[in-house]
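Colleague: sequence first, then the predicted structure:
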Amino acid sequence: MTDTRPHKTPGPDHPITLEPSPAHVVVRSGSSVIAETSRALEMHEASYPAVLYLPLDDVDLSQLRRSDHHTWCPYKGEASYYDIIDGDGADLTAAVWYYDDPFPAVANIKDHVAFYADRVTVTTSPSESNLP
């Protein structure tokens, strides 16, 4: 079956940049640490707020449950989601997203996840490698 959904390439009218974040990032739900990394990628897309994508290796997957929720981005592809189930009993539906097969322009976000910042607490601080 052919995928008829729109596929677009970033450009001057919709720029997307992806670079290593200089920050150490901690993601919490309540008192539970869900992720911690100094290897996040920072995506700037058009006029949207920057999004941090964290490597799956730095995420506590025991606090995530695959969701049936999916969305489509014509610039990145199909997003899949995780629900957060933390030690404090929170059940945050579709609070984490990822791209199993991102488009070539954003291929580096494969094996990374992003969190809705209004559903979890995201703390950033200077990475130790960036301190004098």
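Modeller: Noted; the coordinates are in hand.

Colleague: which residues sit in contact with the most centrally placed residue in the chain?
Modeller: Among the residues of the chain, the one closest to the centroid is residue 114, at 1.5 Å (CA atoms, centre = their mean). By CB atoms under 8 Å, 6 or more residues apart in numbering, the contact set of residue 114 is 51, 52, 53, 54, 96, 97, 98. Heads up, the C-betas are built off the backbone N, CA and C, glycines and all.

Colleague: quick one: which of these sit in strands?
Modeller: Counting by DSSP state E, these place 51, 52, 53, 54, 96, 97, 98 in strands.

Colleague: helices along the protein, start to end?
Modeller: Counting by DSSP state H, one finds no helices in the chain.

Colleague: does residue 25 really touch residue 120, like I thought?
Modeller: No. Taking contacts as CB atoms under 8 Å, residue 25 lies outside contact range of residue 120: 11.2 Å.

Colleague: could you dump the contacts of residue 114 to JSON lines with pLDDT and neighbour count?
Modeller: Converted to JSON lines, the contacts of residue 114 look like this (pLDDT from 0 to 100; neighbours: other CB atoms under 10 Å):
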{"residue": "51", "pLDDT": "98", "neighbour count": "18"}
{"residue": "52", "pLDDT": "98", "neighbour count": "21"}
{"residue": "53", "pLDDT": "98", "neighbour count": "27"}
{"residue": "54", "pLDDT": "98", "neighbour count": "25"}
{"residue": "96", "pLDDT": "98", "neighbour count": "26"}
{"residue": "97", "pLDDT": "98", "neighbour count": "21"}
{"residue": "98", "pLDDT": "98", "neighbour count": "20"}
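
Colleague: nearest to residue 106, of these?
Modeller: Of all those, residue 106 sits closest to residue 53, with 9.1 Å by CB to CB.

Colleague: ok, and the closest non-adjacent residue to that closest one?
Modeller: Distances taken as CB to CB, 6 or more residues apart in numbering place residue 112 nearest to residue 53, at 3.8 Å, with adjacent residues excluded.
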